[in-house]
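S.K.: A structural model of the following input is requested.
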Amino acid sequence: MEFHAFYTGASFDAYEYLGGHLTREGAVFRTFAPSAEKISLIGAFSGWEELPMERVHDGNFWECSVPGARAGMLYKYRIYTRGGRRLDHCDPYGFYMELRPNSASILWDQSAYSFRDQGWRSRPKNWREGPLNIYELHLGSWRRKPDGGWYTYRELAEPLISYVKALGYNALEFLPLAEHPSDSSWGYQITGFFSPTSRYGTPDGLKYLVDQCHQAGLAVLLDFVPAHFAVDDYGLWNYDGTALYQYPSPDVGNSAWGSCSFMHSRGEVRSFLNSAARFWLEEYHFDGLRVDAVRNLIYWNGEPARGENQGGLQFLRAMNRGLKECCPRALLVAEDSSAYPGVTRPAEEGGLGFDLKWDLGWMHDTLSYFQAPPEERASQGGKLTFSMDYFANERYLLPLSHDEVVHGKATILQKMYGDYEGKFPQARALYLYMFAHPGKKLNFMGNELGHFREWDEGREQDWNLLDYPLHGGFLAFHRALNHLYLNAPALWRDEGEGFFTWLRRGEDGLFAFLREGGGQRLLAAFNFLDREQDLALAMNEAARLRPLMDSDSAAFGGGAQGEPEALRAERGGLRITLPPYSGRLYQVE
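M.R.: A predicted model of the protein is given here:
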C-alpha cells in the first residue's frame with residue numbers, strides 16, 4: 001500500500017497492508033486509527049490478555065506482531081479513546097468473522113484455496129454485446145436444511161449450479177455476502193466489509209462456490225454496499241473515538257435505513273471502499289459488482305432537492321475508473337433510481353463509469369401497467385412505450401429484483417390483475433415482453449416458481465408449488481424463455497441505432513415491435529387485454545414468420561391447442577390473432 005494514495009483516496013490495495021496477516025513466525029496486525037489514545041490487541045493467541053500496539057509510519061497506524069498466531073484464531077482491537085472510553089472492535093480489514101451475535105475477527109490465510117477456473121478467467125468477456133440473464137438470490141433462503149438451518153457455500157454449489165444452468169440463466173447475483181449482524185438486513189448493513197459471512201461457512205467455501213460456478217460457465221456477481229454501514233459499536237462506528245468513517249453531523253450521517261452514511265469526501269474512506277471492491281473481484285474471483293444505492297451517492301441522502309454530493313460522485317468515478325484498470329474484466333452495475341445523466345458513460349468522458357444501470361423506471365411503469373384492470377390498459381400504453389424514448393441514454397438492465405417482492409408490495413405473480421388463474425397468462429406475457437425488450441435481464445429467486453408469498457429471508461422458497469400444474473407450467477415457460485434468449489442474437493446484439501422498431505404502440509392493449517441483431521430479425525406481438533384480438537400490422541416486405549415462443553402454449557399452462565402456425569406477410573399487411581393476455585415471438589425469414 002502506498003500511503004499517499006491511501007490518504008488521497010486512490011488506494012485499491014489497502015487490505016494488503018491493514019488487517020491481520022499471517023507470517024512465517026505468526027501474524028502481524030495493523031489498523032488505521034489516528035485519533036485513538038491507545039490500542040491493544042486481544043485474542044485467542046494471548047488468552048485475551050492485552051498486547052500493546054505501537055504507533056507506526058506517521059503515527060496514524062498501529063501495529064503488533066504475534067509469534068505463534070495461527071489461522072482460525074479470534075481477535076479484536078481494544079481501542080482507548082481520548083475521551084476515556086474503551087471499546088473492543090472487530091478488524092475493519094479482517095478477512096473473516098464470528099457468527100452473530102459474536103463479533104470477533106478471525107485470522108485467515110487468503111492463499112490457502114487454489115482456484116481451478118483459469119479457463120473461465122482467460123476467456124474474453126464482452127458484457128455489452130453478449131447475452132446476460134441473471135438469477136438474483138439470497139443464499140440463506142434459496143433452500144434450507146430440513147431442520148431449518150442454512151446450507152454452507154460448499155453444500156449449495158452443486159444443487160444451485162445444476163438448477164440455474166438447467167433453467168437457462170448464465171449469471172448469478174448474490175445479495176450482499178459481507179458479514180452483517182442482522183439477518184433481516186439481508187446483508188445491506190455491514191460490519192465486516194472484507195469478511196464473507198460465516199452464516200454459510202468459511203471464506204474458502206465461498207471461493208469454492210464461485211470456482212464451481214465458473215467451471216460450469218456461470219458468471220457470478222456480488223451486491224456491493226458502499227453507501228452506508230451498520231451502527232453496531234464494535235464495527236466502524238466512531239472507530240477511533242471520532243467519526244472516522246461516517247459524517248459527524250446526523251443530518252447527512254444518518255441514512256434512510258437507520259445506518260451510518262460513509263463520508264466519501266475523506267480519502268481514507270474512499271481507499272477503504274475501493275480496496276473492498278477490488279478485494280471481492282481479485283481474492284474471490286467475482287466477475288462483477290452490483291453497486292447498491294447509487295442515488296444516495298449522487299445526491300445527499302438520495303434527495304435531488306438537497307443537491308449533488310460531490311464527494312460521492314468523485315468516489316464513484318474514481319472507483320470505477322480504478323477497478324477498470326486493475327480488474328478490466330469486471331462488470332460494474334449501478335442500482336440507481338435517479339435520472340442523473342451519464343451513469344454508464346466512461347468516467348474519462350465525465351460519466352460515472354458503470355457498464356450497466358438498473359432501469360427502475362421500466363420496472364415501475366411495467367408493473368403498474370399489469371396491476372391495472374384491462375379496461376384501463378387500453379389507454380395506458382405509454383407506460384410500456386416510454387422506456388424506449390430514453391433507452392439510448394444509458395446501457396440498461398431490466399430488473400425484477402428482491403425489492404419488488406417484499407414489504408407489502410406483493411410478488412410479481414400476485415401483482416397481476418385478477419384472480420388466481422388469470423394471473424398466470426398475464427405474468428407469462430409480461431416476461432415474454434421483458435425478454436423481447438432491449439436491455440440485460442435480472443430475475444429474483446422464486447419469481448420463476450410463481451410465488452404468491454412475499455420473500456422472507458427466514459424461510460426457503462416454496463418448492464412445493466411445483467406440485468401444482470400452473471406453477472409447474474410457469475417454471476417450464478421460464479426455462480424455455482431463458483434458453484431462447486441465450487440463443488437469439490437479435491435479443492442482445494447490436495443494441496444501437498436501427499435495432500428496434502415499433503409497429504404497434506399499445507392501442508387497445510396491442511403491442512408489436514421488431515428486433516434486429518446478429519443477422520437475425522424477430523417480431524414480438526402482444527395482447528395485454530382480457531379478450532381475443534386481431535393485431536393488424538403494416539409490413540414493407542413479403543416475409544415468412546416462424547413462431548419461436550407462444551406464452552399461451554399448453555406446455556406452459558396456457559389454453560392454446562397446438563403450436564401457432566407460421567405466417568406469411570405480404571407487402572402491405574399482416575394479421576395475427578392473439579388470445580387474451582398473450583404474447584408471441586416470431587422469427588422473420
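
S.K.: buried residues in the lowest-mean-pLDDT helix or strand in the chain?
M.R.: Least confident element among the helices and strands of the chain, by mean pLDDT, DSSP states H and E: helix 250-253 (a mean of 84). For helix 250-253, burial by neighbour count (16 or more other C-beta atoms under 10 Å) applies to residue 253. Quick note: C-beta positions are derived from backbone N, CA and C, even for glycine.

S.K.: Enumerate residues external to whichever helix or strand comes after it that contact any of its residues.
M.R.: Once the chain leaves helix 250-253, the next helix or strand it forms, by DSSP states H and E, is strand 260-261. Residues from elsewhere that reach strand 260-261, judged by C-beta atoms under 8 Å, 6 or more residues apart in numbering: 227-231, 236-237, 245-247, 252-255, 296, 301.

S.K.: Out of those residues, which comes closest to residue 92?
M.R.: residue 236 (6.0 Å; C-beta to C-beta).

S.K.: looking at it, the closest one is touching residue 242, isn't it?
M.R.: No. Contact criterion C-beta atoms under 8 Å: residue 236 and residue 242 do not qualify, at 11.7 Å.

S.K.: The two: which has the busier surroundings?
M.R.: residue 236 (25 against 16; other C-beta atoms under 10 Å).

S.K.: Kindly provide the distance from that one to residue 83.
M.R.: Applying C-beta to C-beta, to the nearest Å, the value for residue 236 to residue 83 is 18 Å.

S.K.: Identify each of the strands in the stretch 1-150 of the chain and give its residue range.
M.R.: In the stretch 1-150 of the chain, the strands defined using DSSP state E, counting those that start in this stretch lie at 19-22, 26-32, 38-43, 51-52, 54-56, 61-67, 74-80, 86-89, 105-106, 133-137.

S.K.: From the contact counts, what lies against the third one?
M.R.: The helices and strands touching strand 38-43, judged by 3 or more C-beta pairs under 8 Å, 6 or more residues apart in numbering; DSSP states H and E, are strand 51-52, strand 61-67, strand 74-80.

S.K.: can you give me how far the shortest one is from the chain middle?
M.R.: It refers to strand 51-52. 41 Å (C-alpha atoms, centre = their mean, to the nearest Å).

S.K.: nearest to residue 522, of the helices and strands packed on strand 38-43?
M.R.: strand 74-80 (57.6 Å).

S.K.: Tell me what angle the closest one forms with strand 61-67.
M.R.: 140 degrees (axes from the mean of the first three to the mean of the last three C-alpha atoms, to 10 degrees).

S.K.: which residue ranges form the helices in the stretch 201-350 of the chain?
M.R.: Secondary structure of the stretch 201-350 of the chain (DSSP state H, counting those that start in this stretch): helices at 203-215, 250-253, 267-283, 295-298, 310-326.

S.K.: Sorry, wrong one. I was asking about the stretch 451-589 of the chain.
M.R.: Ranges of helices within the stretch 451-589 of the chain are 469-486, based on DSSP H, counting those that start in this stretch.

S.K.: Do you have the strands of it handy? List them.
M.R.: Assigned by DSSP E, counting those that start in this stretch, the strands in the stretch 451-589 of the chain fall at 500-505, 510-517, 520-527, 533-537, 543-550, 567-569, 574-578, 582-588.

S.K.: for the record, mean pLDDT for the last one?
M.R.: It refers to strand 582-588. Average pLDDT, strand 582-588: 97.

S.K.: And for the nearest residue to residue 309 once chain neighbours are set aside, the neighbour number?
M.R.: Excluding the flanking residues, the one nearest residue 309 by C-beta to C-beta, 6 or more residues apart in numbering is residue 300, at 5.1 Å. Neighbour count for residue 300, taken as other C-beta under 10 Å: 20.

S.K.: Hmm, residue 300 is touching residue 307, no?
M.R.: Yes. Between residue 300 and residue 307 a contact is recorded at 6.0 Å, counting by C-beta under 8 Å.

S.K.: Where do the domain boundaries of this structure fall?
M.R.: Domain assignment for the chain, taken from automatic domain parsing, gives 3-106, 161-491, 500-588.

S.K.: what residues are up against the closest residue in space to residue 447 that isn't next to it in sequence?
M.R.: In space, and not counting its chain neighbours, residue 447 is closest to residue 412: 5.0 Å by C-beta to C-beta, 6+ apart. If you count contacts by C-beta under 8 Å, 6+ apart, residue 412 has them with 367, 400, 404-405, 427, 430, 447, 451.

S.K.: Which of these fall within helices?
M.R.: Within the contacts of residue 412, residues falling in helices by DSSP state H are 367, 427, 430.

S.K.: For residue 402, see how far away the last one is.
M.R.: In this case it means residue 430. In terms of C-beta to C-beta, residue 430 sits 18 Å off from residue 402.

S.K.: Same check on the second one?
M.R.: As defined by C-beta to C-beta, residue 427 lies at a distance of 17 Å from residue 402.

S.K.: next one: residue 109
M.R.: Applying C-beta to C-beta to residue 109 and residue 402 gives a distance of 33 Å.

S.K.: okay, these two: which has more neighbours?
M.R.: A count of neighbours by other C-beta under 10 Å puts residue 402 above the other of residue 109 and residue 402, at 22 against 16.

S.K.: Contacts only, for that one.
M.R.: Applying C-beta under 8 Å, 6+ apart, the residues near residue 402 are 136, 138, 175, 186, 444, 455.

S.K.: Out of the strands of the stretch 451-589 of the chain, which gets the lowest mean score?
M.R.: Set side by side, these give their lowest mean pLDDT on strand 567-569, at a mean of 86.

S.K.: neighbouring strands for it, and are they parallel or not?
M.R.: strand 543-550 (antiparallel) (DSSP bridges).

S.K.: Report the angle between the partner strand and strand 520-527.
M.R.: Orientation check (the same axes, to 10 degrees): strand 543-550 against strand 520-527 gives 60 degrees.

S.K.: Give me the residues contacting strand 543-550.
M.R.: Here strand 543-550 has contacts from 432, 480-481, 484, 488, 522-523, 558, 560, 563-569, 574, 582-589, using C-beta under 8 Å, 6+ apart.

S.K.: Swap in 6 Å and give it another go.
M.R.: The contact list for strand 543-550 (C-beta atoms under 6 Å, 6 or more residues apart in numbering) reads 484, 560, 564, 566-569, 584-589.

S.K.: Which of those ranks first by neighbour count?
M.R.: For the contacts of strand 543-550, the largest number of neighbours (other C-beta under 10 Å) sits with residue 584, at 28 neighbours.

S.K.: thinking that residue is in contact with residue 527, fair?
M.R.: No. In this structure, residue 584 is not within contact of residue 527 by C-beta atoms under 6 Å, at 9.2 Å.

S.K.: rewinding a little: nearest to residue 125, of the ones in helices among the contacts of residue 412?
M.R.: Of all the ones in helices among the contacts of residue 412, residue 430 has the smallest distance to residue 125: 29.6 Å, by C-beta to C-beta.

S.K.: wait, what's in contact with that closest one?
M.R.: Counting by C-beta under 6 Å, 6+ apart, residue 430 has contacts residue 370.

S.K.: Just the pLDDT at it, thanks.
M.R.: On the pLDDT scale, residue 430 gets 98.

S.K.: Show me which residues of stretch 471-485 are buried.
M.R.: 471-482, 484-485.
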